[in-house]
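> Turn this into a structure:
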Amino acid sequence: MNKAIAIIATLGLTCGAVVAAQATPREDQENFQHFYMERFPDVPKEDFVNGVYAIDPIARENWEAIEEFPPYETAISNGEEMWNTPFANGKTYQDCFADGPGVAGKYPHWDKERSMVVTLALAVNECREANGEKPLKYKKGPIADILAYMAYESRGQITNVEVPQDDPKALEAYEKGKQFWFAKRGQLNFACANCHAQNPGAVLRTEILSPAFGHTTHWPVYRSKWGEMGTLHRRFTGCNKNVRAKPFEAQGEEYRNLEFFLTSMSNGLPLNGPGARK
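The predicted structure follows:
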């Protein structure tokens, strides 16, 4: 528990408030990753992409059995069909993503011209709207399918989120995401860090809490609890509801900044989405 509290101090936050001496994003990343590798010394660094299955052998055995016939295969197929189906104007997603579907490793990123974090889900909908198509809902359904296909085509790419040090607005967005992760909220007065830094490996209700290191590598995910695919921002929404806090809008600034921070903490880990979770 003391080490978990220490990571809050080393990342420059106390109870969600910025303290005087802030570490750089790179220093945050080093402290963050060191914390989890020290907490779970028997887990190889690259195995953190597997979430709770990296730290719980029984859960891992069940998960590996599920992965023999992945429940997300249909989503990948649906997403591939979406990718190859022309819009009404004759163009396709390829016209927006010139490098093809395997571009998940480029997201989220800081868009200097617009002074905002751009996620892959946001880019997909901006592509649709630019071609006269209606945007997709962000939590589940077709958006999860196209993201599943793009994630599958991006497997093995290394997470490498850059936070421009010479752009105050980029640093501000990063710090807001960082504050969000450590800020207590809701009737239960819980922060993301309470579950995923202080208590990974513990059981809450029927779920084993996962380490935050690697949290962003495997989305979108088929959750048995959902019985379908869902996006990362759907999970953010669910976590907020679990602590009885009013969730923010999916792909709104708050969650995009959170994704920016949290993904940067997993720099160096390979992408392995889409995934399957309990």
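
> CA atoms for contacts and neighbours, from now on please.
Will do.

> how's this protein carved up into domains?
Domain assignment of the chain by automatic domain parsing yields the ranges 2-70+165-277, 73-153.

> If you average pLDDT over each of these, which is lowest?
The minimum mean pLDDT among these belongs to domain 2-70+165-277 (a mean of 90).

> Including mean neighbour count and distance to T159, could the domains of the chain go into CSV?
Below are the domains of the chain laid out as CSV (neighbours: other CA atoms under 10 Å; distance: least, CA to CA, whole Å):
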stretch, mean neighbour count, distance to T159
domain 2-70+165-277, 18, 5
domain 73-153, 18, 6
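
> How far does stretch 56-68 sit from its chain's centre?
The offset between the C-alpha centroid of stretch 56-68 and the centroid of the whole chain comes to 21 Å, using CA atoms, centre = their mean, to the nearest Å.

> List the contacts of that stretch.
Stretch 56-68 is contacted by residues V52, Y53, A54, G201, A276, R277 when judged by CA atoms under 8 Å, 6 or more residues apart in numbering.

> Just give me the closest of the residues you listed to K241.
Nearest to K241, judged by CA to CA, of these is R277 at 18.8 Å.

> gap between E133 and N125?
Using CA to CA, to the nearest Å, one gets 9 Å for the distance from E133 to N125.

> Correction: the previous question concerned A193.
Where N125 is concerned, A193 sits at a distance of 30 Å (CA to CA).

> try R185
Distance from R185 to N125, by CA to CA: 30 Å.

> Wasn't N50 part of a helix?
Yes - assessed with DSSP: H, G, I helix; E, B strand; the rest coil, N50 lies in a helix.

> what secondary structure does the nearest residue to it once chain neighbours are set aside sit in?
In this structure, N50 finds its nearest non-sequential neighbour in G214, 7.3 Å apart by CA to CA, 6 or more residues apart in numbering. Put simply, G214 is coil when judged by three-state DSSP.

> which residues in the stretch 101-250 of the chain form strands?
109-111, 116-118, 203-204, 207-208, 221-223, 228-230 (DSSP state E, counting those that start in this stretch).

> List the contacts of P164.
Per CA under 8 Å, 6+ apart, neighbours of P164: W110, A170, L171.

> follow-up on the earlier one: residue contacts, the residue nearest to N50?
Shown in contact with G214 (CA under 8 Å, 6+ apart): F48, V49, N50, G51, T263, S266, L269.

> can you do 6 Å?
F48, V49, S266 (CA atoms under 6 Å, 6 or more residues apart in numbering).

> ok, those vs K225, which is closest?
Of the contacts of G214, the one sitting nearest to K225 (CA to CA) turns out to be V49, at 20.1 Å.

> Grab the nearest non-local neighbour of the closest one.
Closest to V49 by CA to CA, 6+ apart is G214, at 4.6 Å.

> Check A173 too.
Closest to A173 by CA to CA, 6+ apart is N257, at 5.6 Å.

> Surely that neighbour and G177 touch.
Yes - under the criterion of CA atoms under 6 Å, N257 makes contact with G177 at 4.4 Å.

> could you pull out the helices for the stretch 101-250 of the chain?
Here the stretch 101-250 of the chain has its helices, by DSSP state H, counting those that start in this stretch, at 120-130, 142-153, 168-182, 192-196, 232-242.

> Name the residue closest to the centre of the chain, please.
When CA atoms, centre = their mean is applied to the chain, the residue found nearest the centroid is T216 (3.0 Å).

> mind listing what it touches?
T263.

> Against F248, how distant is it?
T216 is 18 Å from F248, by CA to CA.

> Also R39?
31 Å.
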